[in-house]
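Peer 1: just need the structure, nothing else, for what follows:
(chains A and B)
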Amino acid sequence: MLLLAISSEAFITGMAMLGAGVAMIGGVGAGIGQGYAAGRAAEAVGRQPEAQGRIMSTMLVGAAVAETTGLYSLVIAFILMTK
Amino acid sequence: MKFKLFENPWLPSIISSVIIVSILCLVIFILYLKIRKLKPTDSNKGILLVVELIVDSINKFAKSYFGKYWKYYAPYILTLGLFLFFSNTSGIWGIRPPTVSLNVTLTLGLITFLMIHVTGIVNRGFFKWLKGFAEPLPFMLPLNIIGELAFPISLSLRLFGNIFSGLIIMTLIYGGFEGLAGVLGGLNVSFLVTPVFHAIFDIFFGIIQVLVFVLLTTIFVSGQIGDLEQQ
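Peer 2: Numbers count the residues shown, from 1 in each chain, chains lettered A, B, ... in the order given. Next up is the predicted model:
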């Protein structure tokens, strides 16, 4: 039997790697949030081209804040990978 | 690859942060000696003009957020911005960026956290600051406390995660080209592709993270001042 040949350390490592992969699903939310912010910023620039500088900096801050949840899942994935 | 959130204190990020801080101190001391000799009527040229422009724009930025209290905060903003700028972009000079360690970023986050609450206590008084946690409704108290404690953690993890993921991708690219060099007979062609990735991960993301860290610090600290002016 192949299943019986797997040691418990290897099983733990494999499951931790699987957990790291599952944790990175959180990246989806960050992608959606950043895309939404960028799309709205493009609309705003289309409406008011003269305010491009302010819209740009607001968008970058908003996108960075939206990115935070994705980065949490990245950190958790890295912690799991060293288990 | 071994990964730890908190590195051993004598690992490269602390050493590289000491290198960056000492080089910055030396350059700024030389600039100070040059600026001390100037007269107010002189028109500046070269590096002094650049320094004047940077300091002036930071002062304007601080004035727009802090009002009449700008003099207390402008030096910290410029210091933070300079340190973060040179440490985030230090990957292009072959130094390991200090901000890939949570030791450094959590320290900066805690400084911001202390600044927010010390500003709140000094500006609004201790009891009014304490009452601010029970607003708008008293049962929001635990939620507000958790939110306040999460702020430095999210601020530092954001900076750390961005710079650290950039470092990992750069390491993977360099490792891949080393593997390719074995196939090509010792010819390492990484110099064709890596400048683009350095420009993206070190310079572009690095500068955006400086902007975000400084802006969030400024906005949250000035939030504690804005309450005073409205009353």
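Peer 1: and the longest helix for chain B?
Peer 2: Using DSSP state H, we find that the single longest helix of chain B is helix B:141-183.
Peer 1: that one close to chain A?
Peer 2: Yes - Helix B:141-183 lies within reach of chain A by Cβ under 8 Å from any Cβ of the partner chain, at B:154, B:157-158, B:160-162, B:165. Just so you know, the C-beta spots here come from the backbone N, C-alpha and C atoms, and that holds for glycine as well.
Peer 1: burial of the residue nearest to B:L211 when sequence neighbours are not counted, as a residue count?
Peer 2: What sits nearest to B:L211 in space, not counting adjacent residues and going by Cβ to Cβ, 6 or more residues apart in numbering or on different chains, is A:L60, at 6.2 Å. Neighbour count for A:L60, taken as other Cβ atoms under 10 Å in any protein chain shown: 19.
Peer 1: and A:L60, what's its pLDDT?
Peer 2: You'll see A:L60 listed with a pLDDT of 83.
Peer 1: and what of the one 10 residues further on?
Peer 2: Note for A:G70: predicted pLDDT of 89.
Peer 1: now do the helices in chain B.
Peer 2: Using DSSP H, helices in chain B cover B:12-36, B:46-66, B:70-88, B:102-124, B:126-131, B:141-183, B:194-198, B:205-230.
Peer 1: show me the contacts for the residue of chain B found nearest chain A.
Peer 2: Residue nearest to chain A within chain B: B:G161 (3.2 Å; Cβ to the nearest Cβ). The neighbourhood of B:G161, defined by Cβ atoms under 8 Å, 6 or more residues apart in numbering or on different chains, consists of A:71-72, A:74-75.
Peer 1: what is the neighbour count of B:Y65?
Peer 2: B:Y65: 19 neighbours (other Cβ under 10 Å).
Peer 1: how close does it get to B:Y72?
Peer 2: Look at B:Y65 and B:Y72: by Cβ to Cβ, to the nearest Å, they are 12 Å apart.
Peer 1: B:L216 too?
Peer 2: In terms of Cβ to Cβ, B:L216 sits 18 Å off from B:Y72.
Peer 1: of those two, who's got more company?
Peer 2: B:L216 (19 against 15).
Peer 1: re the thing from before, avg pLDDT for the longest helix of chain B?
Peer 2: Mean predicted confidence for helix B:141-183 is 87.
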